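> Predicted coordinates and the sequence they were generated for:
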Amino acid sequence: MSEPSTTALPADRTRRSAVRIDDRMLSIGTVLLLGLLPIWIGSFWLYSISLLLAQGIAILSVSFLIRYSGEVSIGHNFFVATGAYTIALLQNGPNVPFLGGVVVATAVSAAVGLLFAWPSRTLSGVYLSVVTLALGLCVPEVLLYWSEVTGGFEGLFVESRIVGGVASGLQQYYVALAALCIATFVAHRFRGSRLGLMILTARDHPHAAAAFGMTSGSARLSAFAVSAAIAGFGGSILGFTTSMVSPNSFIFWNSVTLLVGAVVSLYSTRIYGVVVGAAFVTLVPQLLSNYGQFILIIYGLALLGVIIVFNVTVPAIVRRVRRRRNHRV
């Protein structure tokens, strides 16, 4: 019997290091490009890309849930609305500073996510998706029912200035960019944490995880709570970016777009993947606005094309490039 090759381990280690370097370079390049972008664009596109960045955090929350629990949520807009309205209420009531409001909004959204996930912890697959569907549908109705608190159709104002002497548009943009960087960094590093590893183990090897005290239900609860916290964080940044929160911003279609963005981003927790998904659901409809009744048809074909390219063409190209690089090594 032949001896096992000892050169496989260094080669595999080199391959993994190359992949990590590629990811880091793409992430750094994306952040640098976004950081310099306001130099070349006008106020309209500055506002549009600010929305893109805030929306990216909400898309990241859906990607996080799918990646760590394997479950699909069609109602994450509920947690985004929770974060947005929490910071709006804190500013319009006790006049809590922006950073304090963001922390409270994130914590409240995590608690709401935990409360939702607890009774549905035994559900999975299509059954859990249907439950989250009901959650997404009820958002505007809940906001309008408590119109004395939420401001009804008119909504609530959110202060969009943190420091004086700087244009509000630039503040909204760079706050959204910083928030997206923080969210993607935390979501990506979560994989290496003890809780992240246990959640992934419970997803792939439930019996092994149960031996360490992490059941599938507990893992689903934890993943949902963290995902809801990211969504609430994104909601608070979205409220800051738009300077206003209202029920029209949280209709059911928004929940669908979050899922579409997560699919287009390939459930990425890297900033470049999140930006691609957010750009597809934020900027593409604007670019297609001149096509009238054909918008949905073109958008659907574009979505199909993006999914095919990202799931078939791009991975094939990446594998070919890495194969050539490994031969050189």
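Perfect, thanks for sending it.
> Which positions in stretch 272-292 come out as buried?
By 16 or more other Cβ atoms under 10 Å, the buried positions in stretch 272-292 come out as 272-282, 284, 288. The way it works is simple: take the backbone N, C-alpha and C, and place the C-beta from them, glycine included.
> Gly35 and Ile28, how far apart?
10 Å (Cβ to Cβ, to the nearest Å).
> what is in contact with the two at once?
Counting by Cβ atoms under 8 Å, 6 or more residues apart in numbering, Gly35 and Ile28 have no contacts in common.
> Please, where are all the strands along this structure?
156-157, 244-245 (DSSP state E).
> quick revisit: ok, so of the buried residues of stretch 272-292, who is nearest Ser255?
Ser255 lies nearest to Val281 out of the buried residues of stretch 272-292, by Cβ to Cβ, at 11.4 Å.
> Using PDB, write down the CA coordinates of stretch 211-228.
Only the C-alpha atoms of stretch 211-228 are listed here, as PDB (Å, rounded to 0.1, in the frame of the first residue of the first chain):
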ATOM      1  CA  ALA A 211     -23.800  16.100  23.100                       C
ATOM      2  CA  PHE A 212     -22.300  19.500  23.800                       C
ATOM      3  CA  GLY A 213     -25.700  21.000  24.900                       C
ATOM      4  CA  MET A 214     -26.700  22.700  21.700                       C
ATOM      5  CA  THR A 215     -29.900  21.300  20.300                       C
ATOM      6  CA  SER A 216     -31.200  22.200  16.800                       C
ATOM      7  CA  GLY A 217     -33.900  24.300  18.500                       C
ATOM      8  CA  SER A 218     -31.400  26.300  20.600                       C
ATOM      9  CA  ALA A 219     -29.200  26.800  17.500                       C
ATOM     10  CA  ARG A 220     -32.200  28.100  15.500                       C
ATOM     11  CA  LEU A 221     -33.100  30.500  18.400                       C
ATOM     12  CA  SER A 222     -29.600  31.800  18.600                       C
ATOM     13  CA  ALA A 223     -29.300  32.300  14.800                       C
ATOM     14  CA  PHE A 224     -32.600  34.000  14.600                       C
ATOM     15  CA  ALA A 225     -31.800  36.400  17.500                       C
ATOM     16  CA  VAL A 226     -28.400  37.400  16.000                       C
ATOM     17  CA  SER A 227     -30.000  37.800  12.500                       C
ATOM     18  CA  ALA A 228     -32.800  39.900  14.000                       C
END
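> Okay, and which of the buried residues of stretch 272-292 map to helices?
272-282, 284 (DSSP state H).
> Next, the contact list for His205, please.
The contact partners of His205, by Cβ under 8 Å, 6+ apart, come to none.
> can you do 10 Å?
Counting by Cβ atoms under 10 Å, 6 or more residues apart in numbering, His205 touches Ala211.
> ok, Asp204 - contacts?
Gly70.
> deepest of the strands of the chain, which one?
Greatest average neighbour count among the strands of the chain goes to strand 244-245 (a mean of 22), per mean count of other Cβ atoms under 10 Å.
> Just the local confidence number for the most centrally placed residue in the chain, please.
Nearest residue to the geometric centre of the chain (Cα atoms, centre = their mean): Leu60, 1.5 Å. Note on Leu60: pLDDT of 94.
> ok, the closest residue to it other than its chain neighbours to Tyr68 distance?
Leaving aside its sequence neighbours, Leu60 sits nearest to Val274 (Cβ to Cβ, 6 or more residues apart in numbering; 5.2 Å). Look at Val274 and Tyr68: by Cβ to Cβ, they are 15 Å apart.
> likewise Leu128?
The value you get for Leu128 to Tyr68, if Cβ to Cβ is used, is 14 Å.
> Check Val166 too.
Taking Cβ to Cβ, one finds Val166 at 37 Å from Tyr68.
> So which of the two has more stuff around it?
More crowded of Val166 and Tyr68, by other Cβ atoms under 10 Å: Tyr68, with 26 against 11.
> if I read this right, the more buried one contacts Leu221, doesn't it?
No - between Tyr68 and Leu221 there is no contact under Cβ atoms under 10 Å: 11.7 Å.
> shared neighbours, these two?
Joint contacts of Tyr68 and Leu221 (Cβ under 10 Å, 6+ apart) are Ile199.
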